[in-house]
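S.K.: need the 3D shape of this:
(2 chains)
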Protein chains: 2
Amino acid sequence: MEEKRQITKPRTLSGFMELLPDKQIIFNQMVDKIRATYEKFGFLPLDTPVMELSEVLLAKAGGETEKQIYRFTKGDTDLSLRFDLTVPLAKYVAMNQNELSFPFRRYQIGKVYRGERAQAGRFREFYQCDIDIIGDGELSLAHDAEIPSIIYEVFRSLGLGDFTICINNRKLLNGLFESLSLSDKATDIMRIIDKIEKIGKEAVIEEFQDLQMSEEAITTILDFMQIKGTVPEILEKLNNLPIESETFKQGLYELTEVVKYLRIFGIPEANYKIDLTIARGLDYYTGTVYETFLNDYRQIGSICSGGRYENLAEYYTNQKLPGVGISIGLTRLFYKLNELGLLKKTEESIAKVLLLPASPNEIEKCFEIATMLRNQDIKTEVYLNDKKLKAKFKYADKLKVPYTIVIGEEEVASGKVTLKNMQTGEQQKLTVEQVIAEVTKK
Amino acid sequence: MEEKRQITKPRTLSGFMELLPDKQIIFNQMVDKIRATYEKFGFLPLDTPVMELSEVLLAKAGGETEKQIYRFTKGDTDLSLRFDLTVPLAKYVAMNQNELSFPFRRYQIGKVYRGERAQAGRFREFYQCDIDIIGDGELSLAHDAEIPSIIYEVFRSLGLGDFTICINNRKLLNGLFESLSLSDKATDIMRIIDKIEKIGKEAVIEEFQDLQMSEEAITTILDFMQIKGTVPEILEKLNNLPIESETFKQGLYELTEVVKYLRIFGIPEANYKIDLTIARGLDYYTGTVYETFLNDYRQIGSICSGGRYENLAEYYTNQKLPGVGISIGLTRLFYKLNELGLLKKTEESIAKVLLLPASPNEIEKCFEIATMLRNQDIKTEVYLNDKKLKAKFKYADKLKVPYTIVIGEEEVASGKVTLKNMQTGEQQKLTVEQVIAEVTKK
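M.R.: Predicted coordinates:
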């Protein structure tokens, strides 16, 4: 009784990353390294639902963000998919204030959703790897310096080459705008500043002019952004600026403190700098801001960004919850690294050893050996289909497994097996104990 | 310029699990163990999008499943959230047939979505932890026995106490129905059989009668389901049954082969049995089926189920792709274990050591020590807020961190620190090297 059935063309939505196993393994290794570093610094795991009540998730949102949201109803419920991990964190902390210990250090690695226009390198579903430290009422400035020490460890562990953590303080910019009586245009100006690297100085000036800014103000801001030098040099230049603004002074104090701690925390000077052009357009940053760049691949853009905010959950609670955090947009970073051929290909197979029974008679022996290897944490697979040896080795090649062992009558009788290194082709006759030693040696 | 803002009550959707950190840590430990076991058996990771084109995802679905689906449109696109990990696997394998190596062994641990009626222990978002082995055209029966060996390792590693893997073969039941001329009612009968433990024998008889089954057929089926004993005893009784059906004979052959391999693969006899009442109502199982129970908590129901299917992706490709797999519904299992007080509470904190600077002057020293500990893979946190020591220890208690170290002037001067075991209260004056040895000892 064969049912008539229609074939639907299998396909994956555009803007959604779906990897082949060899790439997925590398992706997961990156996730594992990020998670391990976050945990090494004592961050607690959090896993929030992918969807929330629209009323809750969109308590603050508006403008561009809202248009991109996946929003729908199920029954009578108005639902939205999360577009970042910060809003769910705000909800969570506000809900669980009494249960959590503060400063609350949490990491969350999960997918978020934005219905952006599809284009190469833009994803509608992508991983964010976030950490935040939330205080109840207050949070030491030293945490603003702790964050770069974690960024440093994360990217060192990922082995992506030289990188620079760029640090600035929003209060410097806000104070500058204040002194120029431009506070009402601060958001627009920062959005434009953020683009300077992409669009160039001339275009920035044009956009400033469109905002009806005076030539003098434009010159002052551009001069400010052109302040370069070592950390002490920049701090000195900032100290000498004739800017009369309490906000500016507070920003300079904070930045000075943060870099003092950076030195204390032992972050190599080659890996951070003050960059006064970093504005982080997002409204809610109020103090220290970070962006991180790969020195040799600056075109990728910032690979880890974040900053200090005054109040995490003002839309959910009257309790003031200052915080500082960062986010790594891993899907985009992975895509870019792959495009540039920069993915680490240390291991592209899960199994380290593939056991090949010469005939079904040797399956038992293979399982016995597999159990011994697995008990030593060696990832091991037994090939069970009854195919020709050639087909079995074709499978091994495609799997990119580093070692194979063929088990035939002779191996069962002698107790010695032949370990084949699939990369070098080298073969060794070994006992199982020797196999374990060989396979686990660094 | 204080903005007027409205407070939205922060809340999480009902039917969506969101844990406090101590529970999330335990949940993640379970995920890690499951993943580690799956990888130890050489399964490759897969991560598919949470949403798919409805046309693709629902190529097969119908009835109950379809009603539960989260389906919506974004722009012109008709989208659905995945309700299991099997359909996305089918799509993936059909799409990537030429790139994958077969048998294709993949695991996927991810969230799936079903808009069920909300009730205690029912989740609308829940984790499934799946493995499947897919063959192109053929797949050795030995894989049907490999699966229980993985189930065995998974639940041994989770340490949930004694468990039993119950094995049956759908062809036995189908052959039996065939011999009773009841093939057209097979699906209904199996659905009823699946409920026998929940509703009892009498209710099953009633439901059978509702299907217009003859008393003789009912008796034969109930007699069949009452066949109990050791594995060899059951196989012998089945061999002696006067059932004239090729399907039945094939089922008996397969079951005999599978248990033969189970023995060969070294699974302890206490951990598996043949259970002829296991039917796994789902349509697509065609051979071996599994359910797994905690011996002391049978009321939880099956904690790991699956089976063999003829054709994974018949709605996406004409290529025949037989497979065998299992799924652990982890969210539900975790919920039940928590309810029964059975969660393993070995570690409820991420950080192993919390460093407490007596004053901001000792922050530098704390970071120096923290870096030394982290370099030895010891998860370490530095408390940075400038609070009274009492508040700092309150934080340590709430965090359930196993060790604390207070660093004051004296410690900086002497080079020795006081390690406090937070569980026993015991304090030891040690060098950092000794701290590392103490904290990492088993």
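S.K.: stretch A:115-125 near chain B at all?
M.R.: Yes. If you take CB under 8 Å from any CB of the partner chain as the test, stretch A:115-125 does meet chain B, through A:G115, A:E125. C-beta here means a position set from N, CA and C on the backbone, and glycine is covered the same way.
S.K.: next one: A:R298 from A:T164, what distance?
M.R.: Separation of A:R298 from A:T164 (CB to CB, to the nearest Å): 9 Å.
S.K.: go on, A:L81?
M.R.: Distance from A:L81 to A:T164, by CB to CB: 34 Å.
S.K.: the two - which one has more neighbours?
M.R.: When A:L81 and A:T164 are compared for neighbours, A:L81 comes out ahead with 27 against 17, by other CB atoms under 10 Å in any protein chain shown.
S.K.: list the contacts for the more buried one?
M.R.: Residues in contact with A:L81 (CB atoms under 8 Å, 6 or more residues apart in numbering or on different chains) are A:V50, A:M51, A:I69, A:Y70, A:R71, A:V112, A:Y113.
S.K.: let me see the backbone angles for the third one.
M.R.: When quoted as degrees, to the nearest 10, the phi and psi of A:I69 stand at phi -80, psi 140.
S.K.: so the closest residue to it other than its chain neighbours: helix, strand or coil?
M.R.: Nearest residue to A:I69 in three dimensions, chain neighbours excluded: A:S80, at 5.2 Å (CB to CB, 6 or more residues apart in numbering or on different chains). Using DSSP: H, G, I helix; E, B strand; the rest coil, the structure places A:S80 in strand.
S.K.: distance of A:S80 relative to A:Y297?
M.R.: Distance from A:S80 to A:Y297, by CB to CB: 34 Å.
S.K.: which of these two has more neighbours?
M.R.: A:S80 (22 against 17).
S.K.: touching, the more buried one and A:E55? I think so.
M.R.: No. Between A:S80 and A:E55 there is no contact under CB atoms under 8 Å: 9.1 Å.
S.K.: dump the residue contacts of A:L58.
M.R.: A:E66, A:I69, A:R71, A:S80.
S.K.: can you give me the helices for the stretch 51-200 of chain A?
M.R.: A:54-57, A:63-68, A:86-95, A:142-158, A:170-179, A:186-194, A:196-199 (DSSP state H, counting those that start in this stretch).
S.K.: can you say which of those is nearest to B:Y107?
M.R.: helix A:142-158 (23.7 Å; CB to CB).
S.K.: show me which residues of that closest one are buried.
M.R.: A:142-155, A:158 (16 or more other CB atoms under 10 Å in any protein chain shown).
S.K.: would you map the strands across the stretch 101-250 of chain A?
M.R.: Using DSSP state E, counting those that start in this stretch, the strands of the stretch 101-250 of chain A run over residues A:104-113, A:125-134, A:163-169.
S.K.: same list (those) but as a markdown table, adding mean pLDDT.
M.R.: Listed next are the strands of the stretch 101-250 of chain A as a markdown table, based on pLDDT from 0 to 100:
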| stretch | mean pLDDT |
| --- | --- |
| strand A:104-113 | 98 |
| strand A:125-134 | 98 |
| strand A:163-169 | 97 |
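S.K.: which one of the ones you listed lies closest to B:E236?
M.R.: strand A:104-113 (52.3 Å).
S.K.: so what strands line up beside the closest one?
M.R.: Counting by DSSP bridges, the strands paired with strand A:104-113 are strand A:44-45 (parallel), strand A:125-134 (antiparallel).
S.K.: check the secondary structure at A:I436 for me.
M.R.: A:I436 ends up helix, using three-state DSSP.
S.K.: can you tell me the closest non-neighbouring residue to it?
M.R.: Using CB to CB, 6+ apart, the closest residue to A:I436 is A:Q376 (5.1 Å).
S.K.: quick one: name the residues of the stretch 251-400 of chain A near chain B.
M.R.: Counting by CB under 8 Å from any CB, the stretch 251-400 of chain A sits next to chain B at A:261, A:264-266, A:313-318, A:350-351, A:354, A:360, A:363-364, A:367-368, A:371, A:374, A:377-382, A:384-386, A:395, A:398-399.
S.K.: just the buried residues of those.
M.R.: In these, the ones that pass as buried (16+ other CB under 10 Å) are A:261, A:264-265, A:313-317, A:350-351, A:354, A:363-364, A:367-368, A:374, A:378-382, A:384-385, A:395, A:399.
S.K.: I figured A:E269 hits A:V231, correct?
M.R.: Yes. With contacts defined as CB under 8 Å, A:E269 counts as touching A:V231 at a distance of 7.4 Å.
S.K.: returning to what we had before: how close does the residue nearest to A:I69 get to A:T48?
M.R.: With CB to CB as the criterion, A:S80 and A:T48 are 13 Å apart.
S.K.: got it, and A:K171?
M.R.: 31 Å.
S.K.: give me the more crowded residue out of those two.
M.R.: A:K171 (24 against 20).
S.K.: now that one: closest residue in space, sequence neighbours ignored.
M.R.: A:G251 (2.8 Å).
S.K.: burial check on that neighbour, number of neighbours?
M.R.: Neighbour tally, A:G251, other CB under 10 Å: 25.
S.K.: list the contacts for it?
M.R.: A:N169, A:R170, A:K171, A:L172, A:L173, A:N174, A:G175, A:G287.
S.K.: separate out the buried members of these.
M.R.: A:N169, A:R170, A:K171, A:L172, A:L173, A:N174, A:G175, A:G287.
S.K.: format those residues as TSV; extra columns: distance to A:L100.
M.R.: As requested, the buried ones among the contacts of A:G251 are exported to TSV (distance: CB to CB, whole Å):
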residue	distance to A:L100
A:N169	28
A:R170	27
A:K171	28
A:L172	32
A:L173	32
A:N174	30
A:G175	33
A:G287	22
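S.K.: tell me which of the residues you listed is nearest to A:T247?
M.R.: Distances from A:T247 to these, taken by CB to CB, are shortest for A:G175, at 3.7 Å.
S.K.: the closest one and A:S183, how far apart?
M.R.: Applying CB to CB to A:G175 and A:S183 gives a distance of 10 Å.
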